[in-house]
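*Asks:* Got a sequence here, can you build the structure:
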Amino acid sequence: MKIAFRADASAEIGTGHIMRCITLADAFKGTGGQCYFICRSIPQSLQDVIKSKGHSFFQLPHGPPFIAREDDVAHASWLGVNWEVDALHTAAVISGIEPDWIVLDHYALDHRWEKQVRGPQCKLIVIDDLFDRPHIADILLDQNLGRSRENYKDLVPRDCQVLAGPEFALLRPEFEKMRAISIERRKKPKLEKLLITMGGADKDNVSGWLIDFFEEATDLGLLSVTVVLGASAAHADSVKMKASTSVIDVHVLQNVNNMAELMKDTDLCIGAAGSTSWERACLGVPSIIFSLADNQKQIAVDLDKHKIAKQAQLWDAASLLEIVKHLRKAKNLTRLGINAAKLVDGLGAQKVVEHVESYNVKAI
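*Replies:* The predicted model follows:
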């Protein structure tokens, strides 16, 4: 089976779309699939990850710059070109691959692009979080809390399979492997080790602000703070310099390949309310979350509402201090971790592959 992925990454888009596609591609590869990534915008570091996993990579050519129009979808500008240009370029690559499935993970594209790119024998998986535009998908995946077919009833064909909710969260295998150990160590709760993960780009340098915050809040009793940055983090040098002169014990790691282990070993994580929310949940890690992008706002609200994570307001040091003090109480820390662990089992990618294989059998 051949599977072609269309996704991008940038400071504006973030890295989460590419990362979850890589996870799904790895799962397909594990069952004998051949995977191809087609990208317009992507850092070299992520290209290297794709290739190191044994997947093929295609870089789309430059095109005329994006011109806004009245019929654009909300995130159309993220593409860098108008959708017709991208469809033309992508279709040229697709014709050479002749995939069985296309996986589309891009907020800038909708049913118009899909009609231009998919062939008559090719099936389509759309990965979405926003339910704000129509698709002609055979399978639609939305891994967010509270999602159901109802959200997409007027946006996809009647026979489209909608895989909704965190049970389908696309996590790398190491999270499921670390799950039991991580949950077990939380039976004796404490708050000494803190992990900060603000996404692959962290374009607003929230990591730097958090280091400043914990330098001032010295009465919290933390023994160590670890900050994880993506390979393309915009303020990496500044964060590293700040950490090197900090009065608290701060370690900065960049472009790590052991995130599951780092999460397992921490007592509390502060992170963006993006796809890493499901990684933390799988491991039962108590979390404080910030909404750093439009597509994270509802995730943050829902996770806080269901007492799976505590939402903090960006740049509001007073509210963050109150939340951290609340979580210093063992019962509060424990309750958050238990609720989180119930949400995600770490087998989402495997479940999606099984649905695709089942779909293929029914189509024969």
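
*Asks:* and the most centrally placed residue in the chain, what does it touch?
*Replies:* Residue closest to the average C-alpha location in the chain (Cα atoms, centre = their mean): S275, at 2.8 Å. Shown in contact with S275 (Cβ atoms under 8 Å, 6 or more residues apart in numbering): 16, 19-20, 143, 169-170. C-beta here means a position set from N, CA and C on the backbone, and glycine is covered the same way.

*Asks:* do you know how far it is from A91?
*Replies:* Counting by Cβ to Cβ, to the nearest Å, the separation of S275 from A91 is 28 Å.

*Asks:* quick one: the helices in this protein?
*Replies:* 16-29, 44-52, 83-97, 111-117, 173-185, 206-216, 236-244, 259-264, 276-282, 297-305, 317-327, 330-341, 348-363 (DSSP state H).

*Asks:* so which of the ones you listed gets nearest S148?
*Replies:* When the helices of the chain are compared by Cβ to Cβ, helix 297-305 sits nearest S148, at 12.8 Å.

*Asks:* if we can go back for a sec, going through the contacts of S275, which ones are buried?
*Replies:* 16, 19-20, 143, 169-170 (16 or more other Cβ atoms under 10 Å).

*Asks:* so where is the stretch 151-300 of the chain shaky, pLDDT-wise?
*Replies:* Along the stretch 151-300 of the chain, no part satisfies pLDDT under 70.

*Asks:* what do you get if the cut-off is 80, keeping everything else the same?
*Replies:* 200, 218-219, 221-223 (pLDDT under 80).

*Asks:* quick one: the strands in the stretch 1-150 of the chain?
*Replies:* When assigned using DSSP state E, counting those that start in this stretch, the strands of the stretch 1-150 of the chain occupy the ranges 2-7, 34-39, 56-59, 101-105, 123-127, 139-142.

*Asks:* who does the fourth one pair up with?
*Replies:* Same thing as strand 101-105. strand 2-7 (parallel), strand 123-127 (parallel) (DSSP bridges).

*Asks:* and the angle for the shortest one with helix 16-29?
*Replies:* Relative orientation of strand 123-127 with respect to helix 16-29: 140 degrees, computed using axes from the mean of the first three to the mean of the last three Cα atoms, to 10 degrees.

*Asks:* Can I get strand 123-127 as CSV, trimmed to CA atoms?
*Replies:* Extracted in CSV, the C-alpha atoms of strand 123-127 (Å, rounded to 0.1, in the frame of the first residue of the first chain):
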residue,chain,number,x,y,z
LYS,A,123,-8.8,7.2,-1.2
LEU,A,124,-8.5,10.2,1.1
ILE,A,125,-7.8,10.6,4.8
VAL,A,126,-8.2,14.1,6.2
ILE,A,127,-6.7,15.0,9.6
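
*Asks:* thinking again about what came up before, what's the closest of the strands paired with strand 101-105 to P43?
*Replies:* Of these, nearest to P43 by Cβ to Cβ is strand 2-7, at 12.8 Å.

*Asks:* Send me the closest one as CSV with only the CA atoms.
*Replies:* Extracted C-alpha coordinates of strand 2-7, given in CSV (Å, rounded to 0.1, in the frame of the first residue of the first chain):
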residue,chain,number,x,y,z
LYS,A,2,1.3,3.5,-0.9
ILE,A,3,0.3,6.5,1.2
ALA,A,4,1.1,10.1,0.3
PHE,A,5,1.1,12.7,3.0
ARG,A,6,0.5,16.5,2.3
ALA,A,7,1.4,18.6,5.3
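
*Asks:* And that strand, how far out from the chain middle?
*Replies:* Taking Cα atoms, centre = their mean, to the nearest Å, one finds the center of strand 2-7 at 17 Å from the center of the full chain.

*Asks:* If we ignore the residues flanking it in sequence, what's nearest D265?
*Replies:* Nearest non-adjacent residue to D265, counting by Cβ to Cβ, 6 or more residues apart in numbering: K193, 6.7 Å away.

*Asks:* isn't the one you found right up against I270?
*Replies:* No. Judged on Cβ atoms under 8 Å, K193 makes no contact with I270 at a distance of 11.9 Å.

*Asks:* now, among the buried ones among the contacts of S275, which is nearest to P65?
*Replies:* G16 (25.1 Å).

*Asks:* Find the nearest non-adjacent residue to that closest one, please.
*Replies:* S275 (4.3 Å).

*Asks:* will you turn the helices of the chain into TSV that also has distance to R149?
*Replies:* Formatted as TSV, the helices of the chain follow (distance: least, Cβ to Cβ, whole Å):
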stretch	distance to R149
helix 16-29	20
helix 44-52	31
helix 83-97	26
helix 111-117	18
helix 173-185	26
helix 206-216	35
helix 236-244	41
helix 259-264	31
helix 276-282	20
helix 297-305	17
helix 317-327	34
helix 330-341	25
helix 348-363	14
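
*Asks:* so which of those is the most packed in?
*Replies:* Of the helices of the chain, the one with the most neighbours on average (mean count of other Cβ atoms under 10 Å) is helix 276-282, at a mean of 27.

*Asks:* If anything else comes up later, I'll come back, but that's it for now.
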